[in-house]
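Chemist: Build me a model from this:
(chains A and B)
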Amino acid sequence: DTEVTQTPKHLVMGMTNKKSLKCEQHMGHRAMYWYKQKAKKPPELMFVYSYEKLSINESVPSRFSPECPNSSLLNLHLHALQPEDSALYLCASKSGANVLTFGAGSRLTVL
Amino acid sequence: AQTVTQSQPEMSVQEAETVTLSCTYDTSESDYYLFWYKQPPSRQMILVIRQEAYKQQNATENRFSVNFQKAAKSFSLKISDSQLGDAAMYFCAYRSRTLLNRDDKIIFGKGTRLHILP
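Modeler: I've put the predicted structure just below:
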């Protein structure tokens, strides 16, 4: 299995909702990433988990809460989001050769 | 801090022709990785090519090759025999390889959107 699987592919939520994005990989990669990507822009790093511990938090607002329950799974919990949080959320895992494998993304719309 | 600059926001090339996308970077480190990633419209980002800074030989993957000029801090991507499927946003990226550097960031340039003209 050489994929990073993200669910859901699309999510629409109101500003008072609580939802979660899920990311899974079975390649044995020990570093996993959350990126936020706006249209026609590069990915912006949000969080990095290394060996299931949060190693980087790029000053992301607390309405985004990451979780890494095990080495294959990464979640991003969403609560009280703003319309400007609408974006494509990309998960990636990093191989020992330092190559990122990206998922297809979860497109989030906040109403 | 390291930076990656892609000076061409958009480019176009005729199908079957060759195109070169430029990337420059700034770093004080001597050992690092450089990457080109491709993101087709509404599709997944995938790795095109990877270069290790300590290797003088330019990386090549089929129709994709790089011109790595370490002293000039330049890392351009050449696509030969362009195909319609090459149309995408291309991101140049940098990662430190310094052993003491526990910062696991991969720094992306702003991207170049490549159009292939039939």
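Chemist: Up against chain B, what does chain A have?
Modeler: A:31, A:40-43, A:45, A:48, A:50, A:55-56, A:90, A:94, A:97-105 (CB under 8 Å from any CB of the partner chain). To be clear about C-beta, it is placed using only N, CA and C from the backbone, and glycine gets the same treatment.
Chemist: now do 6 Å
Modeler: With CB under 6 Å from any CB of the partner chain as the criterion, chain A meets chain B at residues A:Ala31, A:Pro42, A:Pro43, A:Leu45, A:Val48, A:Asn98, A:Val99, A:Phe102, A:Ala104.
Chemist: Isn't the third one up against A:Tyr33?
Modeler: No: the criterion here is CB atoms under 6 Å, and A:Pro43 misses it with A:Tyr33 at 8.7 Å.
Chemist: Look up how far A:Ser86 lies from the nearest residue to A:Asn70 once chain neighbours are set aside.
Modeler: Closest residue in space to A:Asn70, ignoring its immediate chain neighbours: A:Glu52 at 6.8 Å, by CB to CB, 6 or more residues apart in numbering or on different chains. Remark: distance between A:Glu52 and A:Ser86 (CB to CB, to the nearest Å) = 29 Å.
Chemist: picking up where we left off before, most surrounded residue in the residues of chain A next to chain B?
Modeler: Scoring these on neighbours with other CB atoms under 10 Å in any protein chain shown, the highest-scoring entry is A:Pro43 at 27 neighbours.
Chemist: Could you give the backbone dihedrals for B:Glu29?
Modeler: B:Glu29 adopts backbone torsions of phi -90, psi 160, taken as degrees, to the nearest 10.
Chemist: Just give me how far stretch B:27-43 sits from the chain centre.
Modeler: Chain-centre distance of stretch B:27-43: 5 Å, with CA atoms, centre = their mean, to the nearest Å.
Chemist: Ends of it, what's the gap?
Modeler: 31 Å (CA to CA, to the nearest Å).
Chemist: Likewise for stretch B:17-28?
Modeler: By CA to CA, the extent of stretch B:17-28 from end to end equals 36 Å.
Chemist: burial count for the closest residue in space to B:Gln6 that isn't next to it in sequence?
Modeler: In this structure, B:Gln6 finds its nearest non-sequential neighbour in B:Gly109, 3.9 Å apart by CB to CB, 6+ apart. Counted with other CB under 10 Å, the neighbours of B:Gly109 add up to 24.
Chemist: any idea of the pLDDT on B:Gly109?
Modeler: At B:Gly109, the pLDDT value in this model is 97.
Chemist: And for B:Arg102?
Modeler: On the pLDDT scale, B:Arg102 gets 54.
Chemist: With B:Thr98 instead?
Modeler: So, for B:Thr98, pLDDT stands at 68.
Chemist: show me where pLDDT drops low in chain B?
Modeler: Low-confidence segments of chain B, defined by pLDDT under 70, span residues B:98-104.
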